[in-house]
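Chemist: Based on what follows, work out the 3D shape:
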Amino acid sequence: MNRYLILIFFVVLASCDKKVEKTETMNDSVEKSSEKKEDKKFEMYEMSEMSLLMEQMYVDNERLKERIKKGDTIGKFPNHFLKIHKVVMTDDKENDAFFKEQANNFIKAQQMIYEDPKNAKEHFNKGVDACLKCHQVKCGGPIPRIKKLYIE
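Modeler: Numbering: from 1, shown residues only. Next up, the predicted model:
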């Protein structure tokens, strides 16, 4: 009986040593992986001036859409839309003739909303069309979001 107790004691002791080794190995790998993470620098994405402007125009147009749908007064043309021709883009090469044409179409449609409020819905949707035409060529990411702006 004593022999069995001694044997069990050594088996348990031996198995504990293996668990300690495994734990130490796991700790070593965790430390190594955290060291790798520290080597990488986290870089915060910064939106370009154009991206920020487009985000603001989107919000403004969501509000305008609701006013048009409710038949509320339209208000005044937001002059910050005119910055579309001057702000810095993510990639300056994208500021080509096609972009400039679509930007002009967008601005004209937006201005017409305020000049001809009786046909605001039509002008608004033309502005959305200009956004879509440009984004279909330049940057397709926001297309599903832009389509939600249409007034049906």
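Chemist: Report how many residues lie close to the closest residue to His80 other than its chain neighbours.
Modeler: Leaving out its chain neighbours, the residue that sits closest to His80 by C-beta to C-beta, 6 or more residues apart in numbering is Gln56, at 6.8 Å. C-beta coordinates here come from the backbone N, C-alpha and C atoms, glycine included. Using other C-beta atoms under 10 Å, Gln56 has 14 other residues around it.
Chemist: Okay, buried residues for the helix or strand hosting Gln56 please.
Modeler: Using DSSP states H and E, Gln56 falls within helix 49-70. Under the neighbour-count criterion of 16 or more other C-beta atoms under 10 Å, helix 49-70 has 50-51, 53-54, 57-58, 61, 64-65, 68 buried.
Chemist: Then stretch 83-102?
Modeler: 84, 89, 95, 99, 102.
Chemist: show me where pLDDT drops low in the chain?
Modeler: Applying pLDDT under 70 to the chain flags residues 1-39.
Chemist: Could you report the neighbour count for Ile146?
Modeler: Counted with other C-beta under 10 Å, Ile146 comes out at 19.
Chemist: With adjacent residues omitted, what lies nearest to it?
Modeler: Spatial nearest neighbour of Ile146, chain neighbours left out: Cys131 (5.0 Å); criterion: C-beta to C-beta, 6+ apart.
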